[in-house]
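K.L.:
I'll drop the sequence and a predicted model, then ask my questions.
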Amino acid sequence: MKLVRPRGGTAVAQAVVATCLVALGASPIQAATRPEFPLRVGPTGRYLVDSKGVPFLIHGDTPWSLTHNLTYEEAVRYMKTRRDQGFNTLMVSVPDAYDAEGNKAYSPDRSGQQPFVDDDLTQPNEAYWAHADRVFKAAERLSLLLLVTPAYLGADHDGYVDVLKKNGPVRCRAYGLWLGSRYRGLKNLLWVHGGDRNPYDVRDEVRALAQGIREVDDQHLHTAHWANGTAAFDYFGDEGWLDLNSSYTYGPVAWRILADRDRVPPRPTFLIETHYEDDFGGKTADDVRAYPYRAVLAGAAGHLFGNRPLWFCGTGWEKALGSPGAGYMAHALALFRSRPWYELEPDRTHQFVVEGHWESGSDEGVQAAVTRRHDTLIAYLPRGRRTVLVDLERFSHGPLQGHWFNPRTGEATPIGSFGRSGTQAFTQPADGDWVLVLDEEARHYGPPGQSGR
């Protein structure tokens, strides 16, 4: 981005609903098209579900400056485009401190409004927040989840860390009470505390803000976004008010996810940030294409995609909505929603992909996951990892059906069917990165990436 409890006693009911949706012929992608907010932690503690118990895969974009640098009409156009591309989640910083060129300017929003009077958190400027209200409500109508950062701290004093210090815990709590009261009626929010910075010098202020929100709003989940190389639970994780974990890394995505999901009791972890398309670090669409596969197959409950200039909603944003990276994200979404992604567990000890996996947590290795029933395997093979050996006897039943899925085009190529016996080598059909999908034929799944069964 800007540079540098589980709820309720309905776990059984949630699992039954999700299982029945698939059993009745509703493919995962069909069942997840229009979520019913608010969200809560699912029955296994590894993913989110909507209010009907349907698993919700976080598939997000990061227009941090959506309400700050775009007009209402522009913001709606942005959101409709992303919704039509399959995104179901947007990360926004409200209030925001960046201008339309991505500078750390504390400039006013497009209509000339600042969020607070004299940086006093107890004196919000109604004109600024009324615009945010309209955008939030439009997002709710579009069935988009908003990850809202209410006080972006900033990696280099480019956020509100100094404002929080100036106001202190008492005013921060008052601000939280005001936010919670104002937005508790919206169902499509998830609060994200922090923002590109560890809260070592504003712990009391961040805690007070979060507690203020929770005191008057008990329906929205909370997580955090700290500095690169951290997880949400690295701070306040033992205090009970963070509901789900998040992973932030510019290093190997899978290693970060695998480490961050090893919490007791289990909590959903999602990839909240890694390199953005065409931003600093020089990562292209070909680079970012791997991230959703690396994340979800390592056990993440979803991922966020980023692009420059989209993160600050700056010059050229409309053209950038059609970037190659966005297209690649749509292919990843289609693949995971065509299979029960919420049942996947990482093949950490290489029980299924027994040879050719290399270091599976690294960016050069194969990342594989298997459903808990051992009836579907999905493995991402980066360019150059041409052949893997799979132990077919690890599957629960046979015969099996195989496909190669092309993450560049979204097309699936049948491999054929084969018995559940011994090991078998699978070789990429051509150069480039590929996804191997093996299913028990009894599941009657269609080709990966297609919603039909």
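P.N.:
Received, thanks.
K.L.:
can we go C-alpha only for contacts and neighbour counts from here?
P.N.:
Will do.
K.L.:
give the helix, strand or coil label for residue 178.
P.N.:
Per DSSP: H, G, I helix; E, B strand; the rest coil, the secondary structure class of residue 178 is helix.
K.L.:
need the contact list for it.
P.N.:
212-213 (C-alpha atoms under 8 Å, 6 or more residues apart in numbering).
K.L.:
could you do the one 3 residues further on as well?
P.N.:
Contact analysis of residue 181 by C-alpha under 8 Å, 6+ apart lists 213, 216-217.
K.L.:
I'd guess it is in a helix, am I close?
P.N.:
Yes. Counting by three-state DSSP, one finds residue 181 located in a helix.
K.L.:
and it, what pLDDT?
P.N.:
Listed pLDDT for residue 181 reads 98.
K.L.:
kindly report the same for the one 10 residues further on.
P.N.:
At residue 191 the predicted local distance difference test score is 98.
K.L.:
which helix or strand lies directly C-terminal to the one helix or strand it maps to?
P.N.:
According to DSSP states H and E, residue 191 maps onto strand 189-194. Following strand 189-194 in sequence order, the next helix or strand is helix 203-216 (DSSP H and E).
K.L.:
I'd assumed residue 160 was in contact with residue 151.
P.N.:
Yes. If you go by C-alpha atoms under 8 Å, residue 151 and residue 160 touch, sitting 5.9 Å apart.
K.L.:
so for these two, which sits in the more crowded spot?
P.N.:
A direct count of neighbours by other C-alpha atoms under 10 Å for residue 151 and residue 160 places residue 151 higher, at 24 against 21.
K.L.:
with residue 97 as the reference, measure out to that one.
P.N.:
According to C-alpha to C-alpha, to the nearest Å, residue 151 stands 10 Å off from residue 97.
K.L.:
what sits in contact with each of these two?
P.N.:
With C-alpha under 8 Å, 6+ apart as the test, residue 151 and residue 97 both reach 159-160.
K.L.:
and the helices in the chain?
P.N.:
11-23, 28-31, 66-69, 72-84, 126-141, 161-183, 203-216, 253-260, 285-288, 291-297, 317-320, 324-337 (DSSP state H).
K.L.:
for the ones you listed, which one sits closest to residue 425?
P.N.:
Minimum separation from residue 425 across those (C-alpha to C-alpha) falls at helix 291-297, 20.3 Å.
K.L.:
if the nearest residue to residue 304 once chain neighbours are set aside is in a bridge, with which residues?
P.N.:
Leaving aside its sequence neighbours, residue 304 sits nearest to residue 60 (C-alpha to C-alpha, 6 or more residues apart in numbering; 4.3 Å). Counting by DSSP bridges, residue 60 forms beta bridges with residue 89, residue 304.
K.L.:
report the contact partners of the nearest residue to residue 324 once chain neighbours are set aside.
P.N.:
Excluding its sequence neighbours, the residue lying closest to residue 324 (C-alpha to C-alpha, 6+ apart) is residue 285, at 5.9 Å. By C-alpha under 8 Å, 6+ apart, the contact list for residue 285 reads 277-278, 324-325, 328.
K.L.:
swap in residue 351?
P.N.:
391, 394.
K.L.:
can you check the one 5 residues further on too?
P.N.:
By C-alpha under 8 Å, 6+ apart, the contact list for residue 356 reads 366, 385, 387-389.
K.L.:
now those in TSV, with distance to residue 297, neighbour count and pLDDT?
P.N.:
Shown next, in TSV, are the contacts of residue 356 (distance: C-alpha to C-alpha, whole Å; neighbours: other C-alpha atoms under 10 Å; pLDDT from 0 to 100):
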residue	distance to residue 297	neighbour count	pLDDT
366	10	23	96
385	17	20	78
387	18	15	94
388	16	20	96
389	18	16	97
